[in-house]
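In: here is my input, please return the structure:
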Amino acid sequence: MGTARVREHLVERGWSGDILEFAESSATVELAAQKVGTEPERIAKTLGFYDPETADRAMLVVVAGDAKVNSGRFKRRFGAKPRMLQGEDVPVLTGHPIGGVCPFANPEGTRVFLDESLRRFETVFPAAGTATSAVELPIDALASLGGAEDWVDVSVGWRDEDVAG
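Out: Prediction:
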């Protein structure tokens, strides 16, 4: 686990940037935004769910910091209600600790999806394998470096119509 494995994963795929590492936790959207000096919306939070196709595999959905996964949208897209990974299953099924889950260097078979809420930004900041790290990536690089299977629209809270009413 950790940033070394994430760095290796990214470099193997042609990335040559820097992983930001901090002395204190960046495990929440607010903390991460403070650490990297950006607005919370640009934090790309990676949410872990039990894969509806097989509960012994993780499915990761990366959403913007101000977005929340909507159960109805998730069910329409994936055919089942979202079931968040339980604490003890997070490191086993994602390869990363709570607060450091990211779309990189996950176990074989882990499915990764990117939510439409991220497309508003040129770059975003996902975690990099620990609760004290992040990496700034352009949106198109996030898709390729994270091995995203597809873009999905399963979130609410970030669109004007979501906020207005």
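
In: helices of the protein, start to end?
Out: 3-12, 29-36, 71-78, 89-94, 139-145, 160-164 (DSSP state H).

In: what's the weakest-modelled helix or strand in the protein?
Out: The least trusted helix or strand in the chain, going by mean pLDDT, DSSP states H and E, turns out to be helix 160-164, with a mean of 65.

In: where does pLDDT dip in the chain?
Out: Residue ranges of the chain with pLDDT under 70: 1, 163-165.

In: circling back to that earlier point, quick one: closest of the helices of the chain to G129.
Out: G129 sits nearest to helix 3-12 of all the helices of the chain, at 3.8 Å, using Cβ to Cβ. The C-beta positions use only the backbone N, C-alpha and C, and glycine is treated the same way.

In: using PDB, write out every CA atom in stretch 114-129.
Out: Extracted in PDB, the C-alpha atoms of stretch 114-129 (Å, rounded to 0.1, in the frame of the first residue of the first chain):
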ATOM      1  CA  LEU A 114     -15.800   8.400 -13.200                       C
ATOM      2  CA  ASP A 115     -18.900  10.600 -12.500                       C
ATOM      3  CA  GLU A 116     -20.000  13.400 -14.700                       C
ATOM      4  CA  SER A 117     -19.600  15.800 -11.800                       C
ATOM      5  CA  LEU A 118     -15.800  15.800 -12.500                       C
ATOM      6  CA  ARG A 119     -16.100  17.000 -16.100                       C
ATOM      7  CA  ARG A 120     -16.600  20.700 -14.900                       C
ATOM      8  CA  PHE A 121     -12.900  20.900 -14.100                       C
ATOM      9  CA  GLU A 122      -9.700  20.800 -16.200                       C
ATOM     10  CA  THR A 123      -7.800  19.100 -13.300                       C
ATOM     11  CA  VAL A 124      -8.800  17.400 -10.100                       C
ATOM     12  CA  PHE A 125      -7.100  16.000  -7.000                       C
ATOM     13  CA  PRO A 126      -7.700  12.300  -6.100                       C
ATOM     14  CA  ALA A 127      -5.900  10.700  -3.200                       C
ATOM     15  CA  ALA A 128      -2.700   8.800  -4.000                       C
ATOM     16  CA  GLY A 129      -2.900   5.700  -1.900                       C
END
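
In: going forward, the N-terminal residue is numbered 50.
Out: Yep, numbering from 50; the last one is stretch 163-178 now.
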